[in-house]
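Colleague: pasting the structure only:
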């Protein structure tokens, strides 16, 4: 770890996290919204594979470690306020969501109800056995 | 306000906010990352124009109120954990960022530096006079 200035330029929140959007390079779809701490982002930049911070498990979460649905990082972008990150990724398996869908944003507001509008590509039990990603 | 169940289904954070991604319907670009409280989201759904919560100003922020760069909301989506929102918008003026760029994510990590890779479309002083959006 030599030059860490780029990490210092990020406005980490009070928990030391930054929100991250992952977008698919081939379909252009927004795949997911997650969080990174400094180590996760540093690790992501080094390995060019997305590593997030799991707030529920309170640990680093290498995307695809269980599912195989690794995200190969093509671009890392920072917004104007330096408080949000955009990853452009090549999504292995074409599935980012633990429900077996391409994107986590599979519910659309229609008539004041969240309706599922995107199909499951692969059954989660086939992806994970019994545990989640 | 009759049916508010869809708002109750959101996992608001401890500040009563949810992160929101805005994506442009015509270019597919991720335009910005912002926050909404319950009132902002309710208002966005009613008016079909994006209303955010400004954490710095601690008030509702109707996108485009100063700049004219209103976001006409075509889709409102919710993610699998119900803790992030995706808006698909028609961005008036083709400019979402207060720097006069299409997207707020105009800096890309290259050689451990954040480099500006997207052009200013319109000078902010022409957009706002002196204040920001």
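Modeller: Structure received. In this text the structure is predicted, and so the values were computed from the model without any measurement.

Colleague: use CA for all of it now, contacts and neighbours both
Modeller: Will do.

Colleague: pLDDT value on the residue nearest to residue A:49 when sequence neighbours are not counted, please?
Modeller: Leaving aside its sequence neighbours, residue A:49 sits nearest to residue A:72 (CA to CA, 6 or more residues apart in numbering or on different chains; 4.7 Å). Note for residue A:72: predicted pLDDT of 98.

Colleague: those strands in chain A, which residues are they?
Modeller: Per DSSP state E, chain A carries strands over the ranges A:17-24, A:30-37, A:51-54, A:59-62, A:71-78, A:85-91, A:107-110, A:113-116.

Colleague: Against residue A:129, how distant is the residue of chain A most remote from its centre?
Modeller: Centroid-distance maximum for chain A: residue A:111 at 29.0 Å, with CA atoms, centre = their mean. Computed as CA to CA, to the nearest Å, the residue A:111 to residue A:129 distance reads 36 Å.

Colleague: now swap in residue A:123 and tell me
Modeller: Taking CA to CA, one finds residue A:123 at 10 Å from residue A:129.

Colleague: Quick one: name the residues of chain A near chain B.
Modeller: When proximity is defined as CA under 8 Å from any CA of the partner chain, chain A approaches chain B at A:3-6, A:21, A:28-29, A:32-33, A:75-80, A:84-86, A:97, A:99, A:104-109, A:112-114.

Colleague: which of these count as buried?
Modeller: A:21, A:29, A:32-33, A:75-80, A:84-86, A:97, A:99, A:104-109, A:114 (16 or more other CA atoms under 10 Å in any protein chain shown).

Colleague: Could you work out which of the strands of chain A reaches nearest to residue B:16?
Modeller: strand A:17-24 (16.3 Å; CA to CA).

Colleague: Check which helices and strands that closest one sits against.
Modeller: strand A:30-37, strand A:85-91 (3 or more CA pairs under 8 Å, 6 or more residues apart in numbering or on different chains; DSSP states H and E).

Colleague: Columns mean pLDDT on top of these, output as CSV?
Modeller: Listed next are these as CSV, based on pLDDT from 0 to 100:
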stretch, mean pLDDT
strand A:30-37, 98
strand A:85-91, 98
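
Colleague: May I see the ones you listed organised as a markdown table, with distance to residue A:54 added?
Modeller: Output for the helices and strands packed on strand A:17-24, formatted as a markdown table (distance: least, CA to CA, whole Å):
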| stretch | distance to residue A:54 |
| --- | --- |
| strand A:30-37 | 7 |
| strand A:85-91 | 16 |
